[in-house]
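*Asks:* here you go, sequence then predicted model.
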Amino acid sequence: MDTLDPDLVKLFFILLGVIFVGTVIAGATNKVVIFFNWSDLINTIMIFLCPLVIGGGGMAIFQDQNGEINETTETIIIVLTAITTAFFIIKSFVLSIKYNKSLLVGLFIGLMKTVVAILGVLILIGYVNKLLDDEHKSIGTWIFLVLILGFFVWLGKKLVNGQSVYSEKNWALP
């Protein structure tokens with residue numbers, strides 16, 4: 001099996017980063033609705049939390065003394081995680097289309113919100129695993145994690161911009 005070209009992967013993430021920054025700028029300048037209200041933001045956070053809480057929590061709770069889990073229980077947890085995460089992904093797309101009053105813009109914003117949420121889960125899992133490794137436990141690492149989380153909280157507050165976009169575009173509030 002061939003592996004992906006590292007330069008191609010690097011290019012993909014650079015492109016994704018540029019698109020992400022462009023989307024944040026469009027949201028911060030009230031050109032598009034990123035999150036109409038706090039409920040919309042929480043819906044997107046649920047894309048991030050479902051795999052962690054339902055998947056990770058369920059796997060941790062139902063382990064036996066040897067750290068193993070019954071195959072049926074594991075399947076149920078995976079299916080529940082997939083269904084709930086899919087529900088919030090679909091809802092994110094529906095809300096993005098509704099609040100941006102455009103199928104194309106809404107699909108793009110919904111895609112960006114979903115990609116960022118999924119990448120956020122993967123990055124957080126990797127970072128927490130690193131923190132739990134005795135080799136990497138340091139106060140600096142924990143401070144960095146808190147700063148990153150603080151940045152995302154600040155960014156989330158800035159991107160709850162539905163009222164501002166509607167006001168700027170003279171749209172009636174839903």
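*Replies:* Ah, there it is.

*Asks:* and the helices in the protein?
*Replies:* Taking DSSP state H as the test, the helices found in the chain are 6-28, 38-50, 58-61, 71-100, 103-132, 139-158, 162-168.

*Asks:* of all the ones you listed, which lies closest to Pro174?
*Replies:* helix 71-100 (7.2 Å; Cβ to Cβ). C-betas here are computed from N, CA, C, even on glycine.

*Asks:* list the contacts for the spatially most central residue of the chain?
*Replies:* For the chain, the residue nearest the mean C-alpha position is Ala117 (1.0 Å; Cα atoms, centre = their mean). With contacts defined as Cβ atoms under 8 Å, 6 or more residues apart in numbering, Ala117 is in contact with 44-45, 47-48.

*Asks:* same question for Thr141.
*Replies:* 130-131.

*Asks:* and with 10 Å instead?
*Replies:* By Cβ atoms under 10 Å, 6 or more residues apart in numbering, the contact list for Thr141 reads 127, 130-131, 133.

*Asks:* tell me who's in contact with Thr114.
*Replies:* With contact taken as Cβ under 10 Å, 6+ apart, Thr114 is in contact with 44, 47-48, 85, 88-90, 92-93, 96.

*Asks:* tell me the least confident of the residues you listed?
*Replies:* Within those, pLDDT reaches its minimum at Phe48, with 85.

*Asks:* number of nearby residues for it?
*Replies:* Burial of Phe48 is recorded as 20 neighbouring residues (other Cβ atoms under 10 Å).

*Asks:* you'd agree it is up against Val116?
*Replies:* Yes: the pair formed by Phe48 and Val116 meets the contact definition of Cβ atoms under 10 Å, at 8.7 Å.

*Asks:* okay, and the common contacts of those two?
*Replies:* Phe152.

*Asks:* surely Ile69 and Phe62 touch.
*Replies:* Yes: contact criterion Cβ under 10 Å: Ile69 and Phe62 qualify, at 5.3 Å.

*Asks:* next, show the common contact partners of the two.
*Replies:* Joint contacts of Ile69 and Phe62 (Cβ under 10 Å, 6+ apart) are Ile77.

*Asks:* so which of the contacts of Ala117 is the closest to Phe13?
*Replies:* Closest to Phe13, out of all of these and judged by Cβ to Cβ, is Phe48, at 18.7 Å.

*Asks:* how far away is the closest one from Leu132?
*Replies:* In this view, Phe48 and Leu132 are 19 Å apart by Cβ to Cβ, to the nearest Å.
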